[in-house]
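Student: next one to model:
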Amino acid sequence: MTPILGELALVGNDVVDLGDPDNRESFARPGYVERVCTLAERRVLEAAQDPERLFWCFFAAKEAAYKLLVKLGEEPGLSHKRIEVAGDLGSSRYDDREIALRVGHAEGWVHALASVGPADPRFEVSELGEHARASAAGRELLCRMAAEVLGVSGAELSVERRPSPASYDGFEPPRLCDRGVPTGLDVSLSHDGRYVAAALAGRRG
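Tutor: Numbers count the residues shown, from 1 in each chain. So this is what the prediction gives:
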């Protein structure tokens, strides 16, 4: 098993709302855990004090790794079970590739950050306002974070997604632009239930 090496700084991130009724229902649905988790992961879950929370840590880690793998040209239809997460949540494995992970959680959410490359990625999780739209709130969060890194006004930044027929949702991963010009930061967005999350890595140029 070898890490993904090189000068690329890439990130993928995912947040899960632990209080979302759909998520609670999914975890309780017969066969759902088996469809998502490998045998080794299920054995870790069986010994866990809070298997539901740990399951969603595994799930978020797989989603974050998937978003990163898509940027490396992997197939859009990649299944959850093809990505195996270490029991300590510090890394994930896909074929012979190893991807670093940071998994954190609070009372209402779990979050996973997958990364490769030399940069130290940043991330943030935020609770949605009462009438906020998740997609817009996530972009605003990302632009605010990036403005601090780049030393520019957040109003000059935008998040763009170009069409891609080969992608599972018809678009390429998001990219951050400064007045229409790509910034050189790699970015990732996520939202679920009451929460949005954003991550970025790299430097301008």
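Student: hey, let's count contacts and neighbours off CA atoms from now on
Tutor: Fine.
Student: state the pLDDT value of Tyr195.
Tutor: On pLDDT, Tyr195 comes in at 98.
Student: hmm, Ser164 is touching Glu172, no?
Tutor: Yes - the pair Ser164 / Glu172 is scored as a contact, 5.5 Å apart, by Cα atoms under 8 Å.
Student: what are the ranges of the helices in the chain?
Tutor: Taking DSSP state H as the test, the helices found in the chain are 21-28, 32-36, 39-46, 51-71, 134-150.
Student: hang on, the earlier thing: out of Ser164 and Glu172, which sits in the more crowded spot?
Tutor: Higher neighbour count among Ser164 and Glu172: Glu172, with 17 against 12, using other Cα atoms under 10 Å.
Student: hmm, back to that, do you know which of the helices of the chain lies nearest Val159?
Tutor: Among the helices of the chain, the nearest to Val159 by Cα to Cα is helix 134-150 (6.5 Å).
Student: give the other helices and strands that that closest one contacts.
Tutor: If you count contacts as 3 or more Cα pairs under 8 Å, 6 or more residues apart in numbering; DSSP states H and E, helix 134-150 packs onto strand 157-160, strand 186-192, strand 195-201.
Student: what is the first one packed up against?
Tutor: Here strand 157-160 is seen to pack against helix 134-150, strand 175-178 when contacts are counted using 3+ Cα pairs under 8 Å, 6+ apart.
Student: related to what we said a few turns ago, which of the helices and strands packed on helix 134-150 sits closest to Leu72?
Tutor: The nearest among those, by Cα to Cα, is strand 186-192 at 12.3 Å.
Student: list the contacts of Ser158.
Tutor: By Cα atoms under 8 Å, 6 or more residues apart in numbering, the contact list for Ser158 reads Arg139, Cys143, Leu176, Cys177, Asp178, Arg179, Gly180.
Student: let's see that with 6 Å instead.
Tutor: Ser158 sits next to Leu176, Cys177 when contact means Cα atoms under 6 Å, 6 or more residues apart in numbering.
Student: could you do the one 3 residues further on as well?
Tutor: With Cα under 6 Å, 6+ apart as the criterion, the residues that contact Arg161 are Phe171, Glu172, Pro174.
Student: go ahead and confirm the first one touches Ser164.
Tutor: Yes - taking contacts as Cα atoms under 6 Å, Phe171 lies within contact range of Ser164: 4.5 Å.
Student: partners of the residue nearest to Val187 when sequence neighbours are not counted in the sheet?
Tutor: The shortest distance from Val187 to any non-neighbouring residue, by Cα to Cα, 6 or more residues apart in numbering, is to Leu200 (4.3 Å). Following DSSP bridges, Leu200 is listed with bridge partners Arg122, Val187.
Student: please verify my assumption that Leu200 contacts Gly184.
Tutor: No - using Cα under 6 Å as the test, Leu200 is too far from Gly184 to be in contact (10.1 Å).
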